[in-house]
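Student: can you look at this prediction? I've put the sequence above it.
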Amino acid sequence: MKIAVYPGSFDPITNGHLDIIKRASKVFDKVIVSILVNSSKTPCFEMEERRALIERVMGDLPNVEVDCFEGLLVNYVRKKGAHVIIKGLRAISDFEYEFQMALANTKIAPDIETLFMMTNQEYSYLSSSIVKELASLGGSLEGLVPDEIMQDIIDKVREHEERLKKR
């Protein structure tokens, strides 16, 4: 069985992420969407909230699993029985960072490959940060995030903004 891990913070998941997940699910027997704990970021959504949002939009992809992890990615990939890390790329700037990470992972774990997938052109500008900023300013998220979780994202971002204002 060919298993791949697609790691990310997914804070929140966007249609760009979904594009990569759907395409990867056609290439691999199993894709594990792995929400990572990133100590350099302060997430808007709690880990379990992100997991629930992703699971809600993955209903039609039976070979996609959602999981969470902390620590070294290659250790997690091995633990899951995978041999491929999927990384979505939007622009050259993404490539530079992800290329360095892939080389470091190859040095640590030469048996694990990194597969770069270019996002669909219509999502090349899209990021979770842009989604959160638009939501906080009352902008439309139409076409940027799955319809079924759009209101959840708007509500959570506004709640998060209110909490920050009270500090």
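Tutor: Received the coordinates, thanks. From a predicted model like this one, the values you see are computed outputs, not experimental measurements.
Student: can you pull out the strands in the protein?
Tutor: Ranges of strands within the chain are 3-8, 30-36, 64-69, 84-89, 113-118, based on DSSP state E.
Student: where does this structure dip in pLDDT?
Tutor: Nowhere does the chain drop to pLDDT under 70.
Student: and of the strands of the chain, who's closest to residue 126?
Tutor: With distances scored as CB to CB, the stretch of those nearest to residue 126 is strand 84-89 (10.3 Å). C-beta: built from backbone N, CA, C; applies to glycine.
Student: return the list of strands paired to that closest one, each annotated with direction.
Tutor: Sheet pairing here is set by DSSP bridges, and for strand 84-89 it gives strand 3-8 (parallel), strand 113-118 (parallel).
Student: can you give me how far it is from the chain middle?
Tutor: 10 Å (CA atoms, centre = their mean, to the nearest Å).
Student: residues touching it, excluding its own?
Tutor: 2-8, 16-17, 19-20, 24, 28, 31, 73-74, 77, 94-95, 98, 101-102, 105, 112-119 (CB atoms under 8 Å, 6 or more residues apart in numbering).
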